[in-house]
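1. any chance you can model this:
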Amino acid sequence: MIDWLQHSTGGLLTLAAVSIAVLLFLIIKVKLEPFIALIVVGLLTALAAGLPVVQIVGSAQKASDSLLEKGFGGILGHIAAIIGLGTILGSILERSGGAQVLTSALLRAIGEKRAPLAMGLAGFVFGIPVFFDIGIFVLAPLVYVAAKQGGRSLVLYALPLLAGLSITHAFLPPHPGPVAAAGLLHVELGWIILMGLVCGIPAFLVGGVVYSTWIGKRIDVPVPAEFLVAEEEGEKETNPPSLGLVLGIIAVPLVLILAGTFGSIWLPKASAAAGVAAFIGTPAVALTVSVLLASWLLGLRRGLTGKDLSELSAKSLRPVAMILLVVGAGAFFGAVLSATGIGKAVAGSLDNAGLPVILAAYVISCGMRIAQGSATVAIVTTSGIVAPTVATLGYSQMQLALLVVAISAGSIIASHVNDGGFWIISRYFNMTVPQTLKTWTVLETVLSVSGFGVAALLMAVV
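-> The predicted structure follows:
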């Protein structure tokens, strides 16, 4: 029995299903704090799978290579500084009145009744050069303000933004998933961009507009007071900054990150210019520059003192600790599932099912995503699995690009408790685990199925 559980495909799939079910039970029914539940279930799953104790937690002499520390450290090393800097930037924009200026401009341009659409368009546009999590950290304050002004559920404004960010992250270069798939399947990036837009825009309209509007009217999530530090009495800005200044501050990290991304592609390797672009385009560096500019232009120059900015930063960072703990624990759980071989078991069994190539690629990608949580890992792994088969089929560049879109669509399906993004969204938008499953998880599934549907339809006629 133990050998079957630890080494057979059926046993590994059973172990994954049981671990996820226990995790959901502890969080939803027992009401155990999610980051504690994630650690407990991750440890128990690793032990049940027969992983060595040294691999799980390390030894008294060295623990840095353990799943526990690498799981936490890998994700937190990437997002901790970004979350902190993005939160501070958002609080300064809000305190100065800048966030309200920008939100009001968007609402005037599109209309109060279409405020969620404005959030979705912001996510879709800003998500092209910016990673998914960075887009959340920078743009979330706008969602808070729009929801507060509109007096409606935070879900109604957050989901369109998340849909735009998710589509661009999965479907479009320069994000790592589609770029890696293009290399593995030998597709020109221009075709990836074109087919990504052709399939991604309809998916965004279905998920980010139709579904988000429907569910946003049925689940009421208020904006927490601590997410709107500028709402406290006596802190509202009576002389808000200009729209141009606010747009400039927000554009700085986006432009710097974009410069770093395309600089690495266009500039000569190992040149001084490429080094400069890589440095300033690092998200933490770009956000640091933006925070310093905002502190001066929106803070000190407008009458705030250093003490005021310090207190503002402290207030805005209060909700961040739990976000980091939950995301780190979620990454540890995902690392355990990956180390057990569950991902390979899922991929191997689906690859042998004899499905049409585009459907098989989509199903394998879905299985990889559900099993281990990472969209990028699902895209890269699936592309590697189908590449030998695809090489013999004589597909055109357009057909190969559609295959990449199908794989990308599978990589975003059913985001759940083993995905770090699930916990970021749950904590950043004040949703319980059941609410996040009903909103974000279903949204990702709608985006996935819609995007694949368009890709499969086009593949059938080209």
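
2. now M459. Nearest residue, chain neighbours left out?
-> Once flanking residues are discounted, M459 sits nearest to L402: 4.8 Å by CB to CB, 6 or more residues apart in numbering. (Glycine included, C-beta is placed from N, CA and C.)

3. only alpha carbons, please: show the one helix or strand that neighbour maps to as CSV.
-> Counting by DSSP states H and E, the element that carries L402 is helix 397-410. Taking only C-alpha atoms (Å, rounded to 0.1, in the frame of the first residue of the first chain), the coordinates of helix 397-410 have been written out as CSV:
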residue,chain,number,x,y,z
GLN,A,397,3.9,29.3,-37.5
MET,A,398,0.2,30.3,-37.0
GLN,A,399,-0.8,26.8,-36.0
LEU,A,400,2.2,26.5,-33.6
ALA,A,401,1.3,29.9,-32.1
LEU,A,402,-2.3,28.6,-31.5
LEU,A,403,-0.9,25.5,-29.8
VAL,A,404,1.1,27.8,-27.5
VAL,A,405,-2.0,29.7,-26.7
ALA,A,406,-3.8,26.4,-25.9
ILE,A,407,-1.0,25.4,-23.5
SER,A,408,-1.1,28.9,-22.0
ALA,A,409,-4.8,28.7,-21.5
GLY,A,410,-4.4,25.4,-19.7
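
4. contact partners for the residue nearest to M459?
-> Shown in contact with L402 (CB atoms under 8 Å, 6 or more residues apart in numbering): M195, C199, I358, A455, L458, M459, V462.

5. okay, now the unreliable bits of this structure?
-> Regions of the chain meeting the criterion pLDDT under 70 cover residues 78, 99-100, 102-103, 112, 129-130, 226-238, 343-344, 346-351, 353-354.

6. picking up where we left off before, nearest to A272 among the contacts of L402?
-> Each of those was scored against A272 by CB to CB, and M195 proved nearest at 36.0 Å.

7. and the closest one, how many residues sit next to it?
-> 29 (other CB atoms under 10 Å).

8. how far away is it from A314?
-> 47 Å (CB to CB, to the nearest Å).

9. then A158?
-> According to CB to CB, A158 and A314 sit 25 Å apart.

10. so which of those two has more stuff around it?
-> The neighbour comparison of A158 against A314 (other CB under 10 Å) goes to A158, with 32 against 12.

11. can I assume that one is in contact with Y144?
-> No - taking contact to mean CB atoms under 8 Å, the distance of 9.0 Å between A158 and Y144 leaves them out of contact.

12. which secondary structure element is home to the closest residue to W4 other than its chain neighbours?
-> The spatially closest residue to W4, leaving aside those adjacent along the chain, is G11, at 4.4 Å (CB to CB, 6+ apart). Under DSSP H and E, the secondary-structure element containing G11 is helix 9-24.

13. so which elements touch that helix?
-> Using 3 or more CB pairs under 8 Å, 6 or more residues apart in numbering; DSSP states H and E as the contact criterion, the elements in contact with helix 9-24 are helix 2-7, helix 34-48, helix 320-339, helix 342-351.

14. would you format these as a markdown table with distance to A259 included?
-> Formatted as a markdown table, the entries for the helices and strands packed on helix 9-24 read as follows, by distance: least, CB to CB, whole Å:
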| stretch | distance to A259 |
| --- | --- |
| helix 2-7 | 48 |
| helix 34-48 | 36 |
| helix 320-339 | 27 |
| helix 342-351 | 35 |
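
15. what's the most buried one of those?
-> Relative to the other members of the helices and strands packed on helix 9-24, helix 320-339 carries the highest mean neighbour count by mean count of other CB atoms under 10 Å, namely a mean of 23.

16. gap between that helix and the chain center?
-> Averaged C-alpha coordinates place helix 320-339 at 14 Å from its chain's average position (CA atoms, centre = their mean, to the nearest Å).

17. what angle sits between the helix or strand containing Y157 and helix 397-410?
-> Counting by DSSP H and E, the element that carries Y157 is helix 154-171. For helix 154-171 against helix 397-410, the angle between stretch directions is 140 degrees (axes from the mean of the first three to the mean of the last three CA atoms, to 10 degrees).

18. of all the helices and strands packed on helix 9-24, which lies closest to L189?
-> When those are ranked by proximity to L189 (CB to CB), helix 342-351 comes first, at 25.3 Å.

19. contacts only, for S96.
-> E237, P240, P241, A294, L298, G299, R302.

20. now it: how far from K307?
-> Using CB to CB, which is the criterion applied here, S96 is 16 Å from K307.

21. show me where the stretch 201-350 of the chain has helices.
-> Assigned helices in the stretch 201-350 of the chain, in chain order: 212-216, 243-266, 272-281, 283-294, 306-317, 320-339, 342-351 (criterion: DSSP state H, counting those that start in this stretch).

22. quick check: next helix or strand after the last one?
-> In this case it means helix 342-351. As assigned by DSSP H and E, the chain's next helix or strand after helix 342-351 is helix 357-372.
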